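Novice: next one to model:
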Amino acid sequence: MVDNLIKYIHKSDVAIVVLHEIYGINSFIEDVCQKYYKYGYDVFCPELLGEKRVFPYSKVQEAYDFFINNVGFDIYKKVEKLINDLKSEYKYVFVAGYSVGATIAWRCSEDSFCDGIICCYGSRIRDYMDVIPKCPTLLVFAKHDSFDVDSISYQLSRKQNIQIEILDANHGFIDRYSNNYSDIQTKVFTIKEKSFLFKCLA
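Specialist: Purely as a prediction, here's the structure:
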C-alpha cells in the first residue's frame, strides 16, 4: 500500500512524505501536497488505503474501520523503508502526517534517516508513548480533541527532540473542507511549521 505513490517532483534536494488521514488522498491532502510542492520540496504521498480509495467525510466510521482492519499503524514499517530509500536520493527527508497519518509519522520518528517529522492532531500517539524520537519532531495538537491533550503533551514534553504546539481548535482544524476548520489557527500552524522546517534545514 506504500508502493502506490502520488508524486510532485521538482528535483529538489528536499523530499517530504505526506501521510493522509483515514479518508485517503482527498482534496485536503492534495492541497497539502501542493503546499509543500510550492515550498520547493519534492512530495511523495503513499496511498495507504490502496489505489484511488477515498472515503467521504460522511463515512467516518466506515473509513476508520477500513483503516484499522486493512492498514493499521504497523504500516509505519513500510513508510520507514520509503524514508530510507528516499534518503539515498535526497539530502533531507521529512514526514508530515495528519490524524492517523500523524500517528504513523510519530512511529517513524525513531528512524535516524529522517530529518524531521510533523504530526498534526495525531490522537492515537497516546498509544505509543514509548517512542523516542531520533529526529526533530513537531507535535501539533488541537486543544479540543477527544483525549486529555494537556496530560499527554506534558508526558511527551519530557522527551528530547520534541516541539509541542497546542492550538485552540478542534481535531481537523487545518482541513478547509472540514466543519472543524479554523482559518486563524491554520495560519498559526503554518507559521509554526515553516519555522520548524527552516530550523531543520539550517
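Novice: quick one: the residue most central in space within the chain and residue 105, what's the gap?
Specialist: For the chain, the residue lying nearest the average C-alpha position, counting by Cα atoms, centre = their mean, turns out to be residue 97 (0.8 Å). When Cβ to Cβ, to the nearest Å is applied, the distance between residue 97 and residue 105 equals 3 Å. (Glycine included, C-beta is placed from N, CA and C.)
Novice: identify the contacts common to the two.
Specialist: 19, 117-119, 122 (Cβ atoms under 8 Å, 6 or more residues apart in numbering).
Novice: follow-up on the earlier one: OK, contacts around the residue nearest to the centre of the chain?
Specialist: By Cβ under 8 Å, 6+ apart, the neighbours of residue 97 are 18-19, 103-106, 117-120, 122.
Novice: how far does the host helix or strand of it sit from its chain's centre?
Specialist: When elements are assigned from DSSP states H and E, residue 97 belongs to strand 92-98. Offset of strand 92-98 from its chain centre (Cα atoms, centre = their mean, to the nearest Å): 6 Å.
Novice: what angle separates the very next helix or strand once past that strand from strand 92-98?
Specialist: Note on strand 92-98: by DSSP H and E, the next helix or strand toward the C-terminus is helix 100-108. Angle of helix 100-108 versus strand 92-98, following axes from the mean of the first three to the mean of the last three Cα atoms, to 10 degrees, is 140 degrees.
Novice: and the closest residue to residue 100 other than its chain neighbours, what pLDDT?
Specialist: Distance criterion Cβ to Cβ, 6 or more residues apart in numbering; nearest residue to residue 100, sequence neighbours excluded, is residue 22 at 5.4 Å. On the pLDDT scale, residue 22 is placed at 97.
Novice: my guess is residue 22 contacts residue 62. True?
Specialist: No - at 9.3 Å, residue 22 does not count as touching residue 62 under the criterion of Cβ atoms under 8 Å.
Novice: what residues do those two have in common as contacts?
Specialist: residue 55.
Novice: the two: which has the busier surroundings?
Specialist: Using other Cβ atoms under 10 Å as the criterion, residue 22 and residue 62 rank with residue 22 on top: 23 against 12.
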